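Undergrad: Provided below for reference: sequence and predicted model.
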Amino acid sequence: MKWKNQVEFEVFGNYALFTDPLTRVGGEKCSYPIPTYQALKGILESIYWKPTIIWYIDELRVMNPIHSYTHGIRTLKYHSSGKDSSDLFNYTYLRDVRYQVRAHFEWNERRTDLINDRNENKHFLITQRMIKKGGRRDIFLGTRECQGYVTECKFGEGKGYYDDVSIPFGIMFHGFTYPDEIDANSDSDYLEVRFWNAVMRNGYIKFIRPNECTITRVIRKMEIKKFDINNFSGLNEFSEGGELNGVDV
């Protein structure tokens, strides 16, 4: 499906760690073979984000072969006694990753306090500029130590390693559902975790929407953060979008 505010970009890096929560017990970390929906959403939010919009990941294309790399990491253990120690854990990363991503944004209907910031052209054009510049903030491929890079691309162009291969990945972590991103008619104030059954077909992975995930679990109660003129610049001054002291709002 082609969305009006759809963007396409390529993200790549030397290493990635899209952590499988099942492997975190005891300090070990092992990456999923592909990025999670939440990781890709985080990359887009590093490119450009405002609480007025919600990014939805439509599709992912895996361009490079899936290679793993295990590295010993020494982590510090802090004790109340002041005598710190360390442990050695194995982290399994992905190596030499490259993906094409297609996504779009929709209004956050629960953010009625930001209705004056709903200017489609403004947010879309700013996102396009930020993709050209490589993002507003640093791009991370799952974790802080895995630096990523973003560039423009036409989704589907070029040859991918798995263009003739289909792989089922089974049940995977999909993402977190925050109270301020739930349907506007919902009164839920809980943080939830979602899972889904991931399948790659000829190198492409089509993500389902968050509300289509049938495997969910409540994590904890969470309040919605309030935004007003004190912590959201340009909210009243630029109801149609614009610049404040030369900065896009």
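TA: Happy to help now that I have it.
Undergrad: show me what residue 73 is bridged to.
TA: For residue 73, the beta-bridge partners are residue 89 (DSSP bridges).
Undergrad: that one reaches residue 86, doesn't it?
TA: No: taking C-beta atoms under 8 Å as the definition, residue 73 is not a contact partner of residue 86, at 10.0 Å. In short, each C-beta sits where N, CA and C put it, glycine included.
Undergrad: counting neighbours, go ahead and name the busier of those two.
TA: The neighbour count for residue 73 versus residue 86, taken as other C-beta atoms under 10 Å, is higher for residue 73 (13 against 9).
Undergrad: pLDDT wise, what is the more buried one at?
TA: pLDDT, residue 73: 79.
Undergrad: going forward, count from 18.
TA: New numbering, starting at 18: the last item is residue 90.
Undergrad: quickly find the element holding residue 159.
TA: Residue 159 belongs to no helix or strand when elements are defined using DSSP states H and E.
Undergrad: contacts only, for it.
TA: 33, 34, 35, 36, 48, 52, 56 (C-beta atoms under 8 Å, 6 or more residues apart in numbering).
Undergrad: now residue 149. Nearest residue, chain neighbours left out?
TA: residue 169 (6.1 Å; C-beta to C-beta, 6 or more residues apart in numbering).
Undergrad: rewinding a little: quick one: which of the contacts of residue 159 is nearest to residue 222?
TA: residue 52 (8.8 Å; C-beta to C-beta).
Undergrad: ok so, going back, just the closest of the contacts of residue 159 to residue 181, please.
TA: residue 52 (21.1 Å).
Undergrad: just confirm the closest one is within a strand.
TA: No: under the criterion used here (DSSP: H, G, I helix; E, B strand; the rest coil), residue 52 is coil, not part of a strand.
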